[in-house]
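In: what's the 3D shape of this:
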Amino acid sequence: MYRHLFFDADGTLFDFDRAEQQAFALMAQELSLPSDESAFARYKSCNEECWKLFEKGMVTLAQLKTQRFDRFFSSLSLEGDSEKASASYQYHLSGQGILFEQSIKVLQVLTERGYTLYLASNGIADVQRGRIAHAKIGPYFKGIYISEELGVQKPDTRFFEQMLGKEQLLDHKKSCLMIGDSLSSDIKGGIDSGLDTVWINAGNQEPQGVVPTYTLTHLGQLLQLLSSPI
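Out: Predicted structure coming up:
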């Protein structure tokens, strides 16, 4: 029986697409950079490429912060200061605590049902904690775990080992459930760490060889999956 629920942040509870677009627009306005849909799409592609490299351990988080802007500027043949762009973008992103419509209800109901909730996020600590504060969801979680603070990122099993160790749950994995939208990060990392998993497959993607314990099409379905623990 599950008692301990570990939630990914971006794409699971937070609407990261909207947050990213708003932060990019504010950064571009501040630094007099193009901010149209084409420019944002180019940045988004560069950013996703860098995060994939980060998940594979091929770049550090410090490198990621500026390399995504190096790639963005290069792809548009722009002259730009990647350090300034990164600092501005992170500042504006930290204020974007945009949740999916169902997120608060899900957290509230699962808490009322007696589950213990945790947040397990790959990300930049200042950005994630700023967004958590703006969204006012911190009180729902017994523990908040962010890759920059742990020094290792999902899907690396060391992320999960540290998190479970701090919560004294290494010997209670059967009572734990990892919930996230990323097959390559949340689900693979959870499976490799011996946890059951819930994949929030809002985009109707193919599983690509990674087999979650449960697959849902939206976060709200968790309330049908998880009745009160016995």
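
In: Figure out how far whichever helix in the chain runs longest is from the centre of its chain.
Out: In the chain, assigned by DSSP state H, the helix with the most residues is helix 37-55. Relative to the chain's own centre, helix 37-55 is displaced by 15 Å; criterion: CA atoms, centre = their mean, to the nearest Å.

In: what's the angle from the helix or strand following that helix to helix 37-55?
Out: Proceeding N to C from helix 37-55, the next assigned helix or strand is helix 61-75, under DSSP states H and E. Taking axes from the mean of the first three to the mean of the last three CA atoms, to 10 degrees, one finds that helix 61-75 is oriented at 150 degrees with respect to helix 37-55.

In: Report the residue spans of the protein with pLDDT below the cut-off.
Out: Along the chain, segments meeting pLDDT under 70 span 230.

In: at 50 what do you get?
Out: By pLDDT under 50, the chain contains no weakly predicted segment.

In: So it: which segments form each domain?
Out: 4-15+99-225, 16-93 (automatic domain parsing).

In: Quickly compare these and say which is most buried.
Out: Most buried of these, by mean neighbour count (mean count of other CB atoms under 10 Å): domain 4-15+99-225, with a mean of 19. (Each C-beta comes from the backbone N, C-alpha and C, glycine too.)

In: where along the chain do the helices fall?
Out: Here the chain has its helices, by DSSP H, at 16-31, 37-55, 61-75, 82-93, 103-112, 125-135, 147-150, 157-166, 188-192, 222-225.

In: Can I get the fifth one as CSV, trimmed to CA atoms?
Out: So the one you mean is helix 103-112. What follows is helix 103-112, C-alpha atoms only, in CSV (Å, rounded to 0.1, in the frame of the first residue of the first chain):
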residue,chain,number,x,y,z
SER,A,103,-2.6,20.6,-8.9
ILE,A,104,-3.9,22.3,-5.7
LYS,A,105,-6.9,20.0,-5.5
VAL,A,106,-4.8,16.9,-6.0
LEU,A,107,-2.3,17.9,-3.3
GLN,A,108,-5.1,18.9,-0.9
VAL,A,109,-7.2,15.8,-1.3
LEU,A,110,-4.2,13.4,-1.1
THR,A,111,-3.0,15.2,2.0
GLU,A,112,-6.5,14.9,3.5
